[in-house]
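**Q** Sequence first, predicted model second:
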Amino acid sequence: MPGYEDEFYRKENIIGYTGALDENPTVYFRNGKTFGRITQDHSNPKNIGRNKIRLKEDYSITNDGNEGKAIEIYDGAVKHRSRNAFVTIEGNEDALPILEIAIEQFPNIKPKYC
């Protein structure tokens, strides 16, 4: 059975992660203006799995200057605050084999969207 948005959730689209690399980090994906993430661990089980992919002209992800935690911005506002700092894959390509495991282990959309 195919996973949710398999054509998007691919190794080539990984841009980074939040959380400890060896403790089921959240993996962030982007291809052009399309973006999403796979949450591997969360206190709310309905928030584990593949996030809905979105298409936004003004998407960005950065670390908040005050708290140092990742924030995703689109539609001119902060739309998601992470529990941890964002670590870009640029310069951290050695992390890819660990991060891509999430693609196979979490093929389904998050239950909160069902």
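**A** Structure received.
**Q** going forward, measure contacts and count neighbours with C-alpha atoms only.
**A** Will do.
**Q** is it true that I61 touches A77?
**A** No - using CA atoms under 8 Å, I61 is not in contact with A77; the gap is 11.5 Å.
**Q** Tell me which of the two has more neighbours.
**A** Using other CA atoms under 10 Å, the more surrounded residue of I61 and A77 is I61, with 18 against 11.
**Q** out of everything not next to it in sequence, what's closest to that one?
**A** Nearest residue to I61 in three dimensions, chain neighbours excluded: E72, at 4.5 Å (CA to CA, 6 or more residues apart in numbering).
**Q** P2 too?
**A** Counting by CA to CA, 6+ apart, the residue nearest P2 is P107, at 7.7 Å.
**Q** Contacts only, for that neighbour.
**A** P2, G3, Y4, D6, G49, R50 (CA atoms under 8 Å, 6 or more residues apart in numbering).
**Q** Would you mind measuring the gap between the ends of stretch 105-114?
**A** Its start and end residues considered, stretch 105-114 measures 18 Å (CA to CA, to the nearest Å).
**Q** for that stretch, which positions count as buried?
**A** Neighbour-count burial for stretch 105-114 flags F106, P107, N108, I109, K110 (criterion: 16 or more other CA atoms under 10 Å).
**Q** same thing with stretch 28-38?
**A** By 16+ other CA under 10 Å, the buried positions in stretch 28-38 come out as Y28, F29, R30, F35, G36, R37, I38.
**Q** Averaged pLDDT, that stretch. What do you get?
**A** For stretch 28-38, the mean pLDDT works out to 98.
**Q** Just the C-alphas of that stretch, formatted as CSV.
**A** Provided in CSV are the C-alpha atoms of stretch 28-38 (Å, rounded to 0.1, in the frame of the first residue of the first chain):
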residue,chain,number,x,y,z
TYR,A,28,11.7,18.4,7.4
PHE,A,29,11.2,18.3,3.6
ARG,A,30,11.0,20.8,0.9
ASN,A,31,10.8,20.8,-2.9
GLY,A,32,10.5,24.2,-4.4
LYS,A,33,7.5,25.9,-2.7
THR,A,34,6.1,22.6,-1.3
PHE,A,35,7.1,21.5,2.2
GLY,A,36,6.2,19.1,5.0
ARG,A,37,7.7,17.1,7.9
ILE,A,38,7.6,13.7,9.5
